[in-house]
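Peer 1: pasting the sequence and the predicted model now:
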Amino acid sequence: MNLNLEESAALWEDAQPSHEPATPIDCSESIYTVPSAMGSGYQREIQLQPGVELCIFNRTYRDLTLHLPESPHPVQFMVHLAGIIDSGDFLYQDSDWGYIGGSGIQRPVDSFFPRSQRNVGIDIHLQPEVLAQFLGHLLGNYRPS
């Protein structure tokens, strides 16, 4: 299956959160079931604080190639426990290779998820100013506004 960003977003939009919040703190969390047209599994998205999002995923796609356009991108940390993402010369990731990148403009990229391969891992997105806040004391140049 070949999808561009808009097609993928439309499928995920139909995959409404599959669990209602049980407590007020759960309102910062959503659990989505992978759209059946794309595969199976779930992803759990949690806003840890403004500008910091965590995604825990356990997904199996059906030979999916995702075509992503050039776009603004936050700082991203991704670790796979199982599975592969192959983006050609841009990124190859499996359980031996993590990923840190972003904070600028991401060039167009095609990511391939092999047939029936389970992808399990975590993905953390941070806004650049939040990362600066986290690391500022180490760099000696951060001043809270």
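Peer 2: Everything's here; your move.

Peer 1: next one: Arg62 from Phe113, what distance?
Peer 2: 9 Å (CB to CB, to the nearest Å). No exception for glycine: its C-beta is placed from N, CA and C like everyone else's.

Peer 1: the bottom helix or strand of the chain by mean pLDDT?
Peer 2: Using mean pLDDT, DSSP states H and E, strand 92-93 stands out as the lowest-scoring helix or strand of the chain, at a mean of 76.

Peer 1: any regions of the chain where pLDDT drops low?
Peer 2: For the chain, applying pLDDT under 70 flags the ranges 16-27, 137-145.

Peer 1: so where do the helices sit in this protein?
Peer 2: Along the chain, counting by DSSP state H, helices occupy 5-14, 128-139.

Peer 1: who's in contact with the shortest one?
Peer 2: For helix 5-14, contacts defined as CB atoms under 8 Å, 6 or more residues apart in numbering pick out 3, 32, 35, 37-38, 66-69, 71.

Peer 1: just the buried residues of the residues you listed.
Peer 2: 3, 32, 38, 66, 68 (16 or more other CB atoms under 10 Å).

Peer 1: and for the residue nearest to the last one when sequence neighbours are not counted, the neighbour number?
Peer 2: Right, Leu68. Leaving aside its chain neighbours, Leu68 sits nearest to Val109 (5.1 Å; criterion: CB to CB, 6 or more residues apart in numbering). Val109 has 16 neighbours, counted by other CB atoms under 10 Å.

Peer 1: would you mind measuring from Val109 to Ser87?
Peer 2: 5 Å.

Peer 1: roughly how far apart are the most centrally placed residue in the chain and Phe57?
Peer 2: What sits nearest the mean C-alpha location of the chain, by CA atoms, centre = their mean, is Asp123, with 4.8 Å. Counting by CB to CB, the gap from Asp123 to Phe57 is 7 Å.

Peer 1: again, but for Ser30
Peer 2: 13 Å.

Peer 1: and Leu91, which of the helices of the chain is closest to it?
Peer 2: helix 5-14 (16.4 Å; CB to CB).

Peer 1: any buried residues in that closest one, and which?
Peer 2: Ser8.
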